[in-house]
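Here is my input, please return the structure:
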Amino acid sequence: MRKSQRESAAGLWARAVVWAGMALGAVLAQAHAAEAERPPAATAVTAAPAAALTAPASGTVWSLPTRDGVRTTVYWEVAPNAWATVLLFPGGVGGFGKLEQNQPSSNNFLVRSADEFREQGLNVAIFGRANGQELAPQDRMGAEHLQDIRQVLQAVRTHSSLPVWLVGTSRGTTSVAAAASRMPDAGLAGVVLTSSIVAPAEPGALPSLDLAAIHVPVLLVQHARDACPLCTPSAMPGVLARLTRAPVKQLQLVDGGAHPTGGVCHALHWHGFIGMERMAVQRITQWMRQPQP
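Here you go, the predicted model:
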C-alpha cells in the first residue's frame with residue numbers, strides 16, 4: 001500500500017473512533033437523564049403499608065409496677081363520650097390473651113365483650129397478669145393480688161376521673177368480691193359479678209368471702225342454664241342474702257344465647273353467655289346507670 005493510502009486509512013480510523021466516542025457519550029448522557037427523572041424506588045424497610053396508616057385506633061397495654069419487682073399488665077381502651085369505666089376480671093387463670101390486631105385474643109366472656117361495653121359508653125380496662133404468672137384460686141384472695149388491684153385502680157384513675165366499676169366473671173368474681181370487701185377505701189362505684197363461683201368447698205367461692213363487708217351497689221348475673229357445678233344458679237339467692245351492707249343489690253337470672261360448645265364451665269358455653277353477649281352487657285350497663293333492687 002502506498003504511503004498516501006496508508007495515511008488516508010489512518011485518518012478515517014481516527015475519525016471513526018471519535019464518532020463512536022461521541023455517540024457513546026450521548027447514549028450515556030440520555031441514560032443518566034432518564035435515571036434522574038425516574039421516581040425513587042419504595043423502601044420496604046421504612047415505608048409503612050397504606051393499611052397501617054388508615055387502621056382504626058385500638059387499645060393499649062400497660063405494664064404497671066404494682067409491687068417490688070412485679071409488673072402487672074392491663075389492657076386499656078377508651079370509649080367515646082364515656083360515663084364510667086369498667087375494670088374487667090376474666091376467669092380461669094386470669095389474663096386477656098395475646099394481642100391480635102391490637103385486640104385481646106382470649107375468648108373469655110368479658111374479654112370478647114369488651115367492644116360491647118365500649119358501645120355502651122364505658123371505658124374498658126382488663127386486668128392482666130402480674131409478671132405473666134397464672135392466678136390460682138387462692139391467689140385471688142391474697143394480699144399481693146389485692147395490692148396489684150389497688151395499683152391498677154390508681155393507674156386507671158390517672159387516665160380517667162370517671163366512676164370505676166369492678167366486673168368479674170367466673171373465677172374473676174373472687175378477685176372482685178375480695179377487693180370490694182377488703183378495700184373499703186378504694187372508692188368503687190359498684191361491682192358486677194357474673195357466673196359466680198358458689199360451690200361451698202371451692203377456694204374463693206363467694207359464700208366463703210366476707211360479703212357483708214361490701215358496701216357498694218352489687219349486681220349478680222347468672223345464666224339460668226349454667227351447668228357448671230361450681231356456679232349453680234340455685235345458690236345465687238343465698239349469695240344475694242349475704243350482701244347485707246350493699247346499699248343496692250339485685251340478682252338477674254338470664255336466659256338466651258345459642259350454640260354452646262366445649263365444657264359446661266368453659267367460656268363458650270352457657271357459663272360464658274354464649275350467643276347473648278350483647279344482651280348481657282346491655283342489661284349490666286342499664287343497671288349500672290340506675291342501680292335498683
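
From now on I want contacts and neighbour counts done on CA atoms only, so please keep to that.
Noted.

Which stretches in this protein count as helices?
Listed in chain order, the helices of the chain (DSSP state H) span 3-37, 50-54, 109-112, 114-119, 143-159, 172-182, 236-242, 277-289.

Let's see the third one as CSV, backbone CA atoms only.
Taking C-alpha atoms only, helix 109-112 is exported to CSV below (Å, rounded to 0.1, in the frame of the first residue of the first chain):
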residue,chain,number,x,y,z
PHE,A,109,-66.9,-13.7,78.1
LEU,A,110,-65.7,-10.3,79.4
VAL,A,111,-62.8,-10.1,77.1
ARG,A,112,-64.7,-10.9,73.9
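
residues making contact with it?
88-90, 96, 104-106, 126, 168-169, 267-268, 272-274, 277 (C-alpha atoms under 8 Å, 6 or more residues apart in numbering).

and if we set it to 10 Å?
Residues outside helix 109-112 that contact it (C-alpha atoms under 10 Å, 6 or more residues apart in numbering): 75, 88-91, 95-97, 103-106, 116-117, 124-127, 167-170, 172, 194-195, 266-269, 271-274, 277, 280-281.

Show the buried residues in those residues.
Neighbour-count burial (16 or more other C-alpha atoms under 10 Å) applied to the contacts of helix 109-112 gives 75, 88-91, 95-96, 103-104, 106, 116-117, 124-127, 167-170, 172, 194-195, 266-269, 271-274, 277, 280-281.

Do I have it right that L193 meets C231?
No: using C-alpha atoms under 10 Å, L193 is not in contact with C231; the gap is 11.6 Å.

Out of these two, name the residue with the larger neighbour count.
The neighbour count for L193 versus C231, taken as other C-alpha atoms under 10 Å, is higher for L193 (27 against 23).

which ones are touching that one?
With C-alpha under 10 Å, 6+ apart, L193 has these contacts: 89, 166-177, 206, 218-222, 251, 284.

With L162 instead?
Contact analysis of L162 by C-alpha under 10 Å, 6+ apart lists A82, W83, A84, T85, V86, L122, N123, V156, A189.

if we can go back for a sec, among the helices of the chain, which gets the worst mean confidence?
With a mean of 29, helix 50-54 has the lowest mean pLDDT of those.

just the CA coordinates of stretch 179-189, formatted as PDB?
Extracted in PDB, the C-alpha atoms of stretch 179-189 (Å, rounded to 0.1, in the frame of the first residue of the first chain):
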ATOM      1  CA  ALA A 179     -61.300  -6.400  96.500                       C
ATOM      2  CA  ALA A 180     -64.700  -4.900  97.300                       C
ATOM      3  CA  SER A 181     -64.800  -6.400 100.800                       C
ATOM      4  CA  ARG A 182     -61.200  -5.800 101.800                       C
ATOM      5  CA  MET A 183     -60.600  -2.400 100.200                       C
ATOM      6  CA  PRO A 184     -63.300  -0.200 101.500                       C
ATOM      7  CA  ASP A 185     -61.300   2.900 100.700                       C
ATOM      8  CA  ALA A 186     -61.000   2.000  97.000                       C
ATOM      9  CA  GLY A 187     -63.700   4.400  96.100                       C
ATOM     10  CA  LEU A 188     -65.600   2.000  93.900                       C
ATOM     11  CA  ALA A 189     -68.800   3.000  92.200                       C
END
